[in-house]
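Peer 1: I'll drop the sequence and a predicted model, then ask my questions.
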Amino acid sequence: MDYRVIVVLIHLGFGFTFSSTVPHRVYHYVNMRMSWADAQSYCRDKYKDLATFESMEDIQKLKRPSVASAQAWIGLRDDPKSWKETFGNATNSWRWSATEKPSFTNYSNWKDGSPKRFREQRYCSLVMVSGDWTEATCSQIREFICFDDSNPPGQKIYTLKMTKSSWEDAQSYCRANHKDLAMVENAQEQSDMIVGVVDFTWFGLYRQPWSWSDGSSSSFKNWNTNQPDEYLTDGHCVFETQEHFWYNAACTEKFVFICYEDVPEVKMQMVRMKIQSDADLSDPAVSDYILQQLTAQLQKYGQPELKLRWKKKPAKEENQELSTDDCNL
């Protein structure tokens, strides 16, 4: 069977329909009082996880019903197991600028009482004359230490810079002129780094506080004024209020909570087609052949689950119109 068929796609009007399935985030208020950890377990069992938000658009999806408390847990927390006097492996753990990863050796030299938590969105590390490490808000202006790898690799070479900069500016300078801000993986490197150091000097350790229960990398926050409260020493978990502003609180508090799940949502796109052929389009064999060729071409261009069928116009119309019966992408 040899037919000459010309297909013209016209992106106006109506014709066959593409549909694609995309995840749609749905939020659920759970009217039971639980600790943050118990709420997390419940959400993971019944839905996907405690609520994660990526934008104000997500916040606007919240339709708060009548619930048992004004406070409702969400999926944000700053678990001290990930950053307090140790290196964790969570998104809120301490990381080295040079690798963007936590320590390979877990070596640290924090002074007593450090590290602590502040209200700032990012925390950076300082080394003292004593060699002890402490932390500060990254906007402070300090001297800093860069490092280079020896050639062949095996030893780090440290360079103290007496020009005062913020941590971010020091990072940029070290990356442009050396390898990066100083990285320390053992006691010998610690000893080498602090030679000639002045008190409170930047080096390459930093962390981004607050991580989502589902491991999301969303940086969106909707804190109320003067939040999070840095003086609330056990305030490692986050709740929202009726106005959808966020506060930190002790994770053992019992509040209602918000879960989320991803629900498939079908989106449709209409495409009008005009088919010209010297074959008899009323012949079922011709119709099936055209349908097979169109399906093959659409599958070739990223529509593997597409299913098509013919939709005939009323008898007074000469041409046949193609539409989808079902398509799940």
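Peer 2: Ah, there it is.
Peer 1: Residue 106 sits in which helix or strand?
Peer 2: Assigned by DSSP states H and E, residue 106 belongs to no helix or strand.
Peer 1: Work out for me the element the closest residue in space to it that isn't next to it in sequence sits within.
Peer 2: Nearest residue to residue 106, sequence neighbours excluded (C-beta to C-beta, 6 or more residues apart in numbering): residue 87, at 5.2 Å. In short, each C-beta sits where N, CA and C put it, glycine included. For residue 87, there is no host helix or strand (DSSP H and E).
Peer 1: Can I take it that residue 247 is in a strand?
Peer 2: Yes: under DSSP: H, G, I helix; E, B strand; the rest coil, residue 247 falls within a strand.
Peer 1: give me the beta-bridge partners of it?
Peer 2: On the basis of DSSP bridges, residue 247 is bridged to residue 239.
Peer 1: Tell me the predicted confidence for it.
Peer 2: pLDDT recorded at residue 247 is 97.
Peer 1: Now do the helices in the stretch 1-150 of the chain.
Peer 2: 36-46, 56-60 (DSSP state H, counting those that start in this stretch).
Peer 1: got the buried residues for the last one?
Peer 2: Under the neighbour-count criterion of 16 or more other C-beta atoms under 10 Å, helix 56-60 has 58-59 buried.
Peer 1: List of residues touching that helix?
Peer 2: Contact with helix 56-60 is made by 25, 27, 53, 220, 222, 244, as judged by C-beta atoms under 8 Å, 6 or more residues apart in numbering.
Peer 1: For the last one, give me its contacts.
Peer 2: Spelled out, that is residue 244. Contact partners of residue 244, counting by C-beta under 8 Å, 6+ apart, are 59, 62, 64, 222.
Peer 1: for the residues you listed, which one is nearest residue 108?
Peer 2: Comparing the contacts of residue 244 against residue 108 with C-beta to C-beta places residue 222 closest, at 32.6 Å.
Peer 1: Surely the closest one and residue 245 touch.
Peer 2: Yes: using C-beta atoms under 8 Å, residue 222 is in contact with residue 245, at 6.3 Å.
Peer 1: Pretty sure residue 104 sits against residue 186.
Peer 2: No: contact criterion C-beta under 8 Å: residue 104 and residue 186 do not qualify, at 10.2 Å.
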